[in-house]
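Student: sharing a sequence plus its predicted fold:
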Amino acid sequence: MNNAIELCNPLSSATTVYVPYPVCKIPVMCMVARLECDVKCQDLLLGVLAGNYWKGKEWVLNLYGEGPHKEYLEDLIQFYGMGNRVFLQGYRNTIEDIWAENQLLIMASTGEGTPISLLTALVAGRTAVVTNVGGCAEYVADNKTGFVAEVLHLIV
């Protein structure tokens with residue numbers, strides 16, 4: 001396009017520091033995103049984690065953010081019987097608080113730009129599991145600094 005430019009979201013000066021890795025008895029994962037399942041796909045992630053493979057594993061998932069699908073996600077958490085594993089944490093003012101509590105970022109999005117939550121996770125020293133959308137794969141070296149999954153787009 002002749003009339004378009006690409007801009008990268010800058011990190012604030014407060015988000016450019018390594019955050020000590022939390023010591024946890026079991027893996028603690030998180031998603032930092034609007035609670036908007038049609039793009040961020042929290043519901044698909046819950047469906048995967050409800051599967052037989054993950055039922056036998058120990059883990060915790062924290063969902064940070066606010067949005068129109070909060071009640072839907074609460075219902076899914078109850079439906080899947082994950083109330084002791086999945087927690088809606090709401091919005092946080094400082095990203096360092098999130099990384100002080102979580103070991104791994106998961107992004108299951110079907111559409112993104114370059115998410116600031118991914119950049120802050122990497123700066124904080126966290127591994128990320130992302131879908132290959134937007135700029136995610138530009139920042140995560142698959143099987144080296146994190147994991148990149150392909151996105152399946154369904155046409156109906």
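Tutor: Nice, I can see it.
Student: going by C-alpha atoms from here, please, whenever you check contacts or count neighbours.
Tutor: Noted.
Student: longest helix of the chain?
Tutor: Once the chain is assigned using DSSP state H, the helix that runs over the most residues is helix 70-79.
Student: which other residues reach it?
Tutor: 35, 42-43, 46, 83, 86, 88 (C-alpha atoms under 8 Å, 6 or more residues apart in numbering).
Student: Throw those residues into TSV and include neighbour count, secondary structure and pLDDT, thanks.
Tutor: Output for the contacts of helix 70-79, formatted as TSV (neighbours: other C-alpha atoms under 10 Å; DSSP: H, G, I helix; E, B strand; the rest coil; pLDDT from 0 to 100):
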residue	neighbour count	secondary structure	pLDDT
Leu35	25	coil	97
Gln42	24	helix	96
Asp43	19	helix	96
Leu46	17	helix	96
Gly83	13	coil	97
Val86	22	strand	98
Leu88	19	strand	98
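Student: take those residues and lay them out in a markdown table including distance to Val19.
Tutor: Listed next are the contacts of helix 70-79 as a markdown table, based on distance: C-alpha to C-alpha, whole Å:
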| residue | distance to Val19 |
| --- | --- |
| Leu35 | 25 |
| Gln42 | 25 |
| Asp43 | 28 |
| Leu46 | 27 |
| Gly83 | 28 |
| Val86 | 23 |
| Leu88 | 22 |
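Student: in those residues, find the pair that's most separated.
Tutor: The distance between the two most remote of the contacts of helix 70-79 (C-alpha to C-alpha) is 17.2 Å, for Leu35 and Gly83.
Student: who's the closest residue in space to Leu88 that isn't next to it in sequence bridged to?
Tutor: Nearest residue to Leu88, sequence neighbours excluded (C-alpha to C-alpha, 6 or more residues apart in numbering): Leu63, at 4.9 Å. On the basis of DSSP bridges, Leu63 is bridged to Met31, Leu88.
Student: state the number of residues packed around Leu63.
Tutor: Leu63 has 21 neighbouring residues, counting by other C-alpha atoms under 10 Å.
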